[in-house]
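J.: Return atomic coordinates for the entry below.
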Amino acid sequence: MHIYGTRNRKTSFDVTDFLRSNERMASLLPTALRMADLQRDVGLALPAMAGNCDVLAFQDGVLTLAVPSSAVAARLKQQLPKLQGTLLARGWQVASMRLKVQVTRAMPPRVETRVLELPPTAVDAFEELGDSLPDTPQNAALVAAIKRLAAKRR
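T.: You can find the predicted model right below:
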């Protein structure tokens, strides 16, 4: 079963399979499906904003949405009456809505770092440069750094 509103279809299948297989966790499945249905309905009501907000909670008629920035929250605030009307028409008893800014949601999950790869000719050139510089006190730090760079890239 696919939980609508999740970003990754395979992940949603894995989650529902896990919830079904674990006896204690199986009680969470109806709640997870309800929240996913609510997320889907929010996305249908506001298609332009669907990627920028997530349903955090829905308790006692209060719908809490997570947004990545205060700018998105300001834009979404203008759409709240439309959203509330659409959700009421779809059977959700939404009395009020809250927006919660979660900046970490806007950040990428992991920053990829690149390692500089020098071709062998460049490494040879750095070694030659380190050997050809005059051995003076002013050049000592530079020569040591160049030799470390060449040795590290070998």
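
J.: pLDDT weak spots in this structure?
T.: 1-13, 15-16, 19, 104-116 (pLDDT under 70).

J.: Now with 50, please.
T.: Where the chain drops to pLDDT under 50, the residues are 1-5.

J.: Shouldn't residue 98 be within a helix?
T.: No: counting by DSSP: H, G, I helix; E, B strand; the rest coil, one finds residue 98 to be strand, located in no helix.

J.: Does the nearest residue to it once chain neighbours are set aside fall in a helix, a strand, or a coil region?
T.: Distances taken as CB to CB, 6 or more residues apart in numbering place residue 64 nearest to residue 98, at 4.7 Å, with adjacent residues excluded. Using the backbone N, CA and C atoms, a C-beta is placed for each residue, glycine as well. Secondary structure, three-state DSSP: residue 64 is strand.

J.: Residue 64 reaches residue 53, doesn't it?
T.: No: contact criterion CB atoms under 8 Å: residue 64 and residue 53 do not qualify, at 10.3 Å.

J.: Quickly list the domain ranges of this protein.
T.: Listed domain ranges for the chain are 9-106, 120-153 (source: automatic domain parsing).

J.: need these in CSV with mean neighbour count, can you?
T.: Formatted as CSV, these follow (neighbours: other CB atoms under 10 Å):
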stretch, mean neighbour count
domain 9-106, 15
domain 120-153, 13
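
J.: With residue 61 as the reference, measure out to residue 99.
T.: 16 Å (CB to CB, to the nearest Å).

J.: Check residue 92 too.
T.: Distance from residue 92 to residue 61, by CB to CB: 9 Å.

J.: how about the strands in the protein?
T.: With DSSP state E as the criterion, the chain has strands at 54-59, 62-67, 96-101.

J.: May I see these arranged in TSV, with distance to residue 76 as well?
T.: Shown next, in TSV, are these (distance: least, CB to CB, whole Å):
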stretch	distance to residue 76
strand 54-59	12
strand 62-67	6
strand 96-101	6
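
J.: Break down the protein into its helices, ranges please.
T.: Secondary structure of the chain by DSSP state H: the helices cover 9-21, 29-45, 70-89, 103-106, 120-132, 140-153.
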